[in-house]
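Chemist: Prediction below, plus the sequence it came from.
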Amino acid sequence: MIERQKPTSPLGQVGIILVGPKFPENIGASARVASNFGISELAVVSSEDYDQERMLRMATHKAAHLIHGMRVCKTTAEAAAPYHCIVGTTARQGRRRLEDQTPREVMAQVAPMLEGNNIGIMFGPEDAGLTNEDLDYCQFASTIPTAGFSSLNLAQAVAIHCYELYTTLHTHPYAGVPQSDLANSFELEGMYEHIEEALGEITFLHDTNRVYWMRNIRQFLGRVKLKKKESSLIRGVCRKFLWHSRHHDQAMPEKEQEA
């Protein structure tokens, strides 16, 4: 896990995650927008080696530090790992997806979590957007309302979300108990793995319904905002359940086994 530097701005705990961007110029332009609002981190999910000069040209010298410090990740899971809450951006809708809201509605819910938590805003490829699998790592889905034509430039979408979060934070400053004990994505993914393993053990999950039920479980628990101790507790219950299930015969008294 990469340690993040102490934030120096209200949005210093926010990171932009770009999944499979097509053009280095869009990465640079997104970095420039992020820097405008004091965002501290840029992560890119890709196996491609982007041309740094083309990224820096669009980022300008003001955002060069985000390009030089950019996290390049092989998977969405790796990029999501440090974040306690992730907003996924999407123009597509579907009954199996997260309930979509406008950026303004989403940021009103996210802003109170800024103190003590790392917040990620995730964007998909310019031509296709985030997949359902990418959105599995997100607790919120944000859709920019448009008049018919829903496709926006990647940097434009980044700018709208950063602006809405920045404006929400400054219009309604939040003071209260920091929610700094929330489980991050790395801890939640470990918990989901144990839940899936336990539910598979009792045949609640099958190959035909596994994705459907796990997506519903993720969405339900994502709304709960689990704390670190709570996610650890659920993992402990699942581990104990699996142990008893797999050692049932050994643990059973002899008379019951004979019966």
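Modeler: Nice, thanks for sending it over. Predicted, not measured: the structure shown is a model, and the values here were computed from it.
Chemist: can you pull the contacts of residue 160?
Modeler: Shown in contact with residue 160 (CB atoms under 8 Å, 6 or more residues apart in numbering): 103, 144, 152. Every residue, glycine included, has its C-beta placed from N, CA and C.
Chemist: the helices in the stretch 1-150 of the chain, which residues?
Modeler: Ranges of helices in the stretch 1-150 of the chain, per DSSP state H, counting those that start in this stretch, are 24-36, 52-59, 64-68, 76-80, 103-110, 132-135.
Chemist: could I get the contacts of residue 160 as JSON lines with pLDDT?
Modeler: Listed next are the contacts of residue 160 as JSON lines, based on pLDDT from 0 to 100:
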{"residue": "103", "pLDDT": "95"}
{"residue": "144", "pLDDT": "91"}
{"residue": "152", "pLDDT": "82"}
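Chemist: what about stretch 11-27, start to end distance?
Modeler: Terminal residues of stretch 11-27 lie 19 Å apart, using CA to CA, to the nearest Å.
Chemist: buried stuff in it?
Modeler: 11-21, 24-27 (16 or more other CB atoms under 10 Å).
Chemist: just stretch 34-47 next, same as before
Modeler: So stretch 34-47, judged by 16+ other CB under 10 Å, has buried residues 34, 35, 37, 39, 40, 41, 42, 43, 44, 45, 46.
Chemist: any idea how far the last one lies from residue 210?
Modeler: What it means is residue 46. 27 Å (CB to CB, to the nearest Å).
Chemist: Tell me which stretches of the stretch 101-250 of the chain form strands.
Modeler: All strands of the stretch 101-250 of the chain, identified by DSSP state E, counting those that start in this stretch, fall at 119-123, 140-142.
Chemist: Can you name the residues in contact with the longest one?
Modeler: Just to be clear, that refers to strand 119-123. Here strand 119-123 has contacts from 13-19, 21, 30, 43, 76, 79-80, 82-89, 110, 113, 130, 134, 137-138, 154, 157-158, 161-162, 165, 185, using CB under 8 Å, 6+ apart.
Chemist: TSV please, covering the buried residues of stretch 34-47 and showing pLDDT and distance to residue 236.
Modeler: What follows is those, written out as TSV (pLDDT from 0 to 100; distance: CB to CB, whole Å):
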residue	pLDDT	distance to residue 236
34	96	38
35	95	42
37	94	40
39	93	36
40	86	33
41	94	32
42	97	36
43	97	30
44	98	35
45	97	31
46	95	36
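Chemist: give the contact list for the residue nearest the centre of the chain.
Modeler: In the chain, the C-alpha nearest the mean C-alpha coordinate belongs to residue 86, at 3.4 Å (CA atoms, centre = their mean). With contacts defined as CB under 8 Å, 6+ apart, residue 86 is in contact with 17, 80, 119, 120, 121, 122, 137, 138, 139, 140, 185.
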